[in-house]
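1. need the 3D shape of this:
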Amino acid sequence: MITLDSLGLPEAQKGLSATVTEAERRGRPMSFAVVDCHGELVAAARMDGSHARVLKHAIRKAYTAANYGRNTLIFKQQLAESDRSLGDWGDPNVTTLQGGLVVKSGGKVVGGVGSGGGTLELDEEMGRFLVRAMGFQPTED
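-> Next up, the predicted model:
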């Protein structure tokens, strides 16, 4: 029998609530997504003023991080170093847009988060905020 550790609704709700509050404090409408260990959506939030496409990108970022076990920024760097492209993976939901972070517990991937609607740096920063708000430490993977 296989036992899987995964993010669930309690972690997602806690993290999203804190992160939306932080984005409001910064005056920046953003979108955020939390996925489980399989890359499936657990919960998402699109703040008023954040375009619907931004939420779609946040979901793709979280999906990529969870499924590939690495942050989207690292994934982008690794693709460039290996002279590969997103098309090589055969998955139209994969992205290298910055702001997707893998969530690990005990070295295992338990999910991913995606953040969008800010600058590249802000998307990354708010993604890290979301990971910490759920009670985990962001990784450099």
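2. residues contacting the nearest residue to N71 once chain neighbours are set aside?
-> In space, and not counting its chain neighbours, N71 is closest to L101: 5.0 Å by CB to CB, 6 or more residues apart in numbering. Placement of C-beta: from N, CA and C, glycine included. Counting by CB atoms under 8 Å, 6 or more residues apart in numbering, L101 touches 65, 71-72, 112-115, 124, 127-128, 130-131, 138-139.
3. after the longest strand along the chain, which helix or strand is next?
-> With secondary structure taken from DSSP state E, the chain has its longest strand at strand 108-116. Sequence-wise, the next helix or strand downstream of strand 108-116 (DSSP states H and E) is helix 120-133.
4. can you list contacts of that next one?
-> So helix 120-133 is contacted by 14-19, 22-23, 26, 28, 30, 32, 34, 61, 73, 97-101, 103, 113-118, 137-138 (CB under 8 Å, 6+ apart).
5. mind redoing it with 7 Å?
-> By CB atoms under 7 Å, 6 or more residues apart in numbering, the residues outside helix 120-133 that reach it are 14-15, 18-19, 22-23, 28, 30, 32, 73, 98-101, 103, 113-116, 118, 138.
6. same deal with stretch 69-78?
-> Contacts of stretch 69-78 (CB under 7 Å, 6+ apart): 61, 64-65, 68, 95-102, 109, 124, 141.
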